[in-house]
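Undergrad: coordinates only, sequence not included:
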Ligand SMILES: [Zn+2]
């Protein structure tokens, strides 16, 4: 059947988006339908990690987990446009920030043909810093000495961060080891300010519970970038 250029489908369930005549839809022209939009359980919760504010956007539910898997493991690049659908204001909110993206392993990026966090960050900013990189496919679950975590991340062109407001962006915060290492690397270049934004966090209660020490509990949780 002939389709006009105006035919738009939900990137998740493929329903016809032209049926949606809500004000939201007319204004933002979202890439997903209202039904799918509502499956994202927005929590917008702040936790603190080494004096840095970490904004966690969504509950880590089955919907989110499967969607992220489809994007990152099944290489469904088009889904980059859906993860921040609930936050159309981010383009304005973070317009003065340099977005430093947490890298995936090079092998994974070569296989899928794109860098997942970088593609997500580009949906709300044109100021992306891709200088943080991983040196190997090291698994942090087996890493007992936390001080060595920093050794798996490196930074190129860090001078670009000096004096800037930096938003470190990752899809999921699991152990937080990677994010802590990134904060430490970025801080060496004296940015004006560092914040962290993550889409979701499966163990958010642990981070919210101030009585639990970060320093041993997270060593048993795997980071999976
Ligand atoms: Zn849908």
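TA: Ah, there it is. No experiment lies behind these values; they were computed from the predicted model shown. Numbers count the residues shown, from 1 in each chain.
Undergrad: So which bits of the chain are right by the ion?
TA: The chain comes close to the ion at residues 10, 12, 13, 33, 36, as judged by CB under 5 Å from the ion. Placement of C-beta: from N, CA and C, glycine included.
Undergrad: Which among these count as buried?
TA: Using 16 or more other CB atoms under 10 Å as the burial test, the residues of the chain next to the ion include 10, 12, 33, 36 as buried.
Undergrad: Give me the contacts around stretch 32-45.
TA: 10-13, 15, 17, 20, 22, 24-25, 30, 55-59, 61, 63-64, 82, 85-86, 204, 208 (CB atoms under 8 Å, 6 or more residues apart in numbering).
Undergrad: do the same with stretch 110-118
TA: 71-72, 75, 77, 80, 101-104, 109, 128, 130, 169-171, 225.
Undergrad: Looking at these, spot the one nearest the ion.
TA: The shortest approach to the ion among the contacts of stretch 110-118 belongs to residue 71, at 15.2 Å (CB to the ion).
Undergrad: thought that closest one was touching residue 64?
TA: No - applying CB atoms under 8 Å as the test, residue 71 and residue 64 come out as separate, 10.6 Å apart.
Undergrad: Now intersect the buried ones among the residues of the chain next to the ion with the helices, please.
TA: Using DSSP state H, the subset of these located in helices is residue 36.
Undergrad: could you dump the buried ones among the residues of the chain next to the ion to JSON lines with distance to residue 157 and pLDDT?
TA: Formatted as JSON lines, those follow (distance: CB to CB, whole Å; pLDDT from 0 to 100):
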{"residue": "10", "distance to residue 157": "38", "pLDDT": "93"}
{"residue": "12", "distance to residue 157": "36", "pLDDT": "95"}
{"residue": "33", "distance to residue 157": "40", "pLDDT": "90"}
{"residue": "36", "distance to residue 157": "37", "pLDDT": "93"}
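Undergrad: Could you pick out which of the buried ones among the residues of the chain next to the ion are located in strands?
TA: If you go by DSSP state E, these have nothing in strands.
Undergrad: Quick one: the strands in this protein, in order.
TA: 42-49, 52-58, 97-101, 128-129, 132-134, 153-155, 165-172, 193-200.
Undergrad: Okay, now the unreliable bits of the protein?
TA: For the chain, the stretches with pLDDT under 70 are 1-6, 28, 137-150, 210-225.
Undergrad: tell me the domain boundaries of it?
TA: Domain segmentation of the chain under automatic domain parsing yields 1-38, 40-220.
Undergrad: which one of those domains is the most hemmed in?
TA: Among those, ranked by average contacts under mean count of other CB atoms under 10 Å, first place goes to domain 40-220 (a mean of 17).
Undergrad: Distance-wise, check residue 198 relative to residue 50.
TA: Relative to residue 50, residue 198 is positioned 15 Å away (CB to CB, to the nearest Å).
Undergrad: most centrally placed residue in the chain?
TA: For the chain, the residue sitting closest to the mean C-alpha position, by CA atoms, centre = their mean, is residue 171 at 2.6 Å.
Undergrad: so what's the closest residue to it other than its chain neighbours up against?
TA: Nearest non-adjacent residue to residue 171, counting by CB to CB, 6 or more residues apart in numbering: residue 199, 5.0 Å away. Residues near residue 199 by CB under 8 Å, 6+ apart: 56, 57, 58, 64, 68, 83, 84, 120, 170, 171, 172.
Undergrad: Relative to residue 94, how far out is the closest residue to residue 191 other than its chain neighbours?
TA: Nearest non-adjacent residue to residue 191, counting by CB to CB, 6+ apart: residue 166, 4.4 Å away. Applying CB to CB, the value for residue 166 to residue 94 is 10 Å.
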